[in-house]
Structure formats: C-alpha cells, structure tokens
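Colleague: just to be clear, the model below is a prediction. Sequence and coordinates:
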Amino acid sequence: MARQLRPGWSIAVAAAAVLAAAGCKGARAGAEPASGPSMAQRDSAAPEKRILRITGMVQAVKSRSIRVPQLSGQSSRLTLVRLIPNGSKVNEGDLLAEFDRTELIDQERDAAARLQDLQHQLAEKRAQVNSDQARRASTLGETQADLEKALIQLKKGPVLSEIERLKAEARASGARARAESLRKSDAARRKAEEAAVGILELKVRRQAVVLERVRSNMARLVIRAPQDGMIALENSWRSGSMGPPQEGDQMWAGQALVRIFDPSAMVVDAMVNEPDIAAAGKAVTAKVFVDAYPSLVLDAVLEASSPVATAALESPVRTFNARFRIKQQDLRLLPDLSASLEIPLGSRAALAEAESAPAGASR
C-alpha cells in the first residue's frame with residue numbers, strides 16, 4: 001500500500017516547487033521597477049563631495065627666538081645647567097635658562113681684587129704726591145724768605161761795611177738762583193706726578209671696565225623671559241641627532257635654545273598646488289589634523305595667500321604659499337608641529353566648472 005502512494009507524492013512535490021519558483025520570479029520582477037526611481041533620486045539629491053588634503057607646519061603669529069648668549073671676550077662653549085620644560089607658560093621676567101658661571105665667578109673675584117688693589121695704589125700715590133708738593137712748597141717758601149732777607153740787607157748798603165754788603169749781595173744772588181731752580185724743578189715734578197697719577201687712574205678705569213664686562217657676562221648667562229607666552233624648545237644637533245637641548249649640554253654662542261610665543265594666535269603655513277587653488281575656488285575653511293595628536297581636530301580659516309605661484313628648479317608644478325588661522329586654542333599646539341588640512345571642494349560638477357574657469361578668476 002505504501003509503495004503505491006510514493007509516485008503520487010513525488011508528482012505533487014514537483015508541482016509545488018514549480019509554482020513557488022514562478023511566484024518568486026514574478027514578485028522580483030514587480031519589485032525592480034519600484035526601487036529603480038528612488039535610487040536615482042537619492043543619487044541626484046546627494047552629489048559626491050570632494051576634499052582637498054594638504055600638509056603644512058604649525059607656527060605662531062607672535063614668537064621670539066631665544067639663543068645662547070654671546071659673551072664678550074670669550075668664544076668657548078657654555079654648559080647648560082637649568083632649562084625650563086617644554087610647553088611651560090611664563091610671564092615676563094621668569095627664568096628660562098641658566099648656564100654654568102663657575103669660571104666667571106672666579107674671574108669676577110680676581111678682577112674685583114685687582115681693582116681694589118689699584119684703587120689703593122692710586123690713593124697712596126695721590127697722598128705721596130700731595131706730601132711731596134707740600135714739602136717742595138715749604139722749601140721754596142724758605143728760599144723766598146732768605147731772598148727777602150738778603151734784599152733787606154742790601155737796602156742797608158750805605159750804613160753797612162763793604163764786606164757786609166758783598167755778603168748780602170751773595171746771599172741774595174744765591175737765594176734768587178735757588179728759588180728759580182726750585183720753581184723749575186717743582187713744575188717738572190708736578191708734570192711727572194700728574195702723569196704717574198694719570199697712569200694709575202687709567203689702570204683703575206680699565207680694570208673697572210674688565211670687572212663690568214665680567215659681571216655683564218654673568219648676567220647674560222641667566223636668561224629671562226622678555227614677554228608673556230608659552231615655551232617651545234628649539235631642535236638642535238646634539239649627540240649625532242636632532243633634538244631639543246637638555247641640562248648638561250655644551251652649547252655654542254648663537255645656537256637656538258627656546259622659542260617664546262603667544263598661544264592665542266596660531267596658524268598653519270602650507271603649500272597649495274596651482275590646480276588645487278582653482279579647485280578650491282572660494283573655499284576658505286578647513287579642518288586641521290595635528291600629526292602628533294591624531295584625536296585633535298581644529299577649525300581653520302584661510303587668512304592670506306601669495307599672489308604669485310612659484311616653482312622649484314626644473315619642476316612643472318607651481319605652488320602658492322597659504323596661511324590658515326586656527327580658530328581654537330589648545331595647549332598642545334606648538335610651533336614646528338606637522339599638520340594636515342582638509343578643505344571641502346564641493347561636487348564633481350563644481351570641480352569641473354572651476355577647472356574650466358581661468359586661474360585668475362579663482363584667485
């Protein structure tokens with residue numbers, strides 16, 4: 001009985017499968033015309049957007065570079081003993097860096113001792129000159145008194161004997177000659193004494209200049225902030241590689257040390273190709289992505305651009321210098337950080353229209 005029913009069941013199953021396949025095909029055919037117009041409408045309503053990506057460097061609008069001081073009369077390297085951390089906020093007058101002053105302290109002590117010794121020598125010389133001048137003046141006064149006495153004796157000539165008169169004349173002549181000699185020698189000695197005192201005064205002034213120069217060099221080794229702002233350490237060649245300076249480094253005069261800048265005004269300097277300028281059109285806004293901080297996204301606006309494109313030697317690509325001003329403030333923004341900018345360009349149709357327009361019209 002079971003064997004007789006099997007052929008019937010198989011025929012029924014096959015017929016049901018054929019009907020189901022035909023129904024699915026009809027339903028799919030009916031659904032396709034309905035979905036086609038809606039997709040086309042969405043494509044026309046939402047045109048594809050294009051983005052221009054360029055790279056640049058973060059810079060500060062107001063910045064000041066601080067370099068290793070140049071010492072007067074010295075050309076040796078300086079040892080850095082204290083340095084402010086990178087990214088610190090400072091006020092005018094705050095300590096930025098300090099160099100080793102041990103050698104200059106010794107020089108200041110020796111120069112001050114030498115100056116004090118010369119000042120004592122000058123004071124002693126002046127006292128001796130005053131004493132010698134007083135002694136010579138006293139001697140000249142005595143000689144002048146002898147001359148006056150001799151002249152008084154000569155006035156008594158009619159009442160004196162011949163011998164007394166001759167003695168008085170001899171005394172007067174000798175006193176007159178001695179007084180004249182004392183006057184001449186006193187003038188010569190005064191010139192010599194003035195020269196000796198002048199030499200000592202010159203030595204004192206010269207030593208005072210040496211001491212002042214040493215103290216000025218000591219003051220230069222302590223660097224303070226010339227203005228309010230934020231600190232960014234400058235990269236320099238050290239230990240076979242580029243990097244910021246560290247305490248204990250030996251640095252040459254004039255080498256870049258730190259940069260103090262105003263964090264409230266930061267920009268991104270970038271190079272834009274000439275075709276990209278035409279594609280950008282009137283686009284003046286951009287998104288800034290700092291490479292050192294991937295999560296940091298800032299808004300920027302085009303502030304200025306060069307009026308003329310330039311090109312490298314034997315390069316067909318011409319570029320414009322552009323500066324984008326960052327709207328937000330962030331303590332992580334430091335000069336010389338690499339960044340990328342994304343500038344919206346609009347749809348493909350707008351791009352084609354911009355490319356067909358003259359380059360001067362877009363600028």
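Modeller: Arrived safely.
Colleague: report all helices and strands that the helix or strand that contains Glu194 contacts.
Modeller: According to DSSP states H and E, Glu194 maps onto helix 162-220. Helices and strands touching helix 162-220, by 3 or more C-beta pairs under 8 Å, 6 or more residues apart in numbering; DSSP states H and E, are helix 102-155. No exception for glycine: its C-beta is placed from N, CA and C like everyone else's.
Colleague: now the helix it packs on, how far from the centre of its chain.
Modeller: The chain centroid and the centroid of helix 102-155 are separated by 53 Å under C-alpha atoms, centre = their mean, to the nearest Å.
Colleague: mind giving me the packing neighbours of that helix?
Modeller: helix 162-220.
Colleague: and the next helix or strand past the helix it packs on?
Modeller: Assigned by DSSP H and E, the successor of helix 162-220 is strand 222-224.
Colleague: now that next one: average pLDDT?
Modeller: Averaging pLDDT along strand 222-224 gives 94.
Colleague: likewise stretch 140-152?
Modeller: Mean predicted lDDT for stretch 140-152 stands at 78.
Colleague: need the nearest residue in space to Ala304, chain neighbours excluded.
Modeller: In this structure, Ala304 finds its nearest non-sequential neighbour in Arg323, 4.8 Å apart by C-beta to C-beta, 6 or more residues apart in numbering.
Colleague: likewise Ala309?
Modeller: Arg318 (3.8 Å).
Colleague: equivalent analysis for Arg325, please.
Modeller: Glu303 (4.3 Å).
Colleague: what residues are up against that neighbour?
Modeller: 267, 323-325 (C-beta atoms under 8 Å, 6 or more residues apart in numbering).
Colleague: let's see it at 10 Å
Modeller: 61, 267-268, 284, 322-326 (C-beta atoms under 10 Å, 6 or more residues apart in numbering).
Colleague: let's verify Thr319: helix, strand, or coil?
Modeller: Classification of Thr319 by DSSP: H, G, I helix; E, B strand; the rest coil places it in strand.
Colleague: tell me how far the closest residue in space to it that isn't next to it in sequence lies from Glu169.
Modeller: Closest residue to Thr319 apart from its sequence neighbours, by C-beta to C-beta, 6+ apart: Met271 at 4.5 Å. Remark: distance between Met271 and Glu169 (C-beta to C-beta, to the nearest Å) = 109 Å.
Colleague: could you pull out the strands for the stretch 201-350 of the chain?
Modeller: Counting by DSSP state E, counting those that start in this stretch, one finds strands in the stretch 201-350 of the chain at the ranges 222-224, 229-233, 236-238, 241-243, 250-251, 256-261, 266-273, 285-290, 297-305, 310-311, 318-326, 338-347.
Colleague: which elements pack onto the fourth one?
Modeller: The criterion is 3 or more C-beta pairs under 10 Å, 6 or more residues apart in numbering; DSSP states H and E, and the helices and strands that strand 241-243 contacts are strand 236-238.
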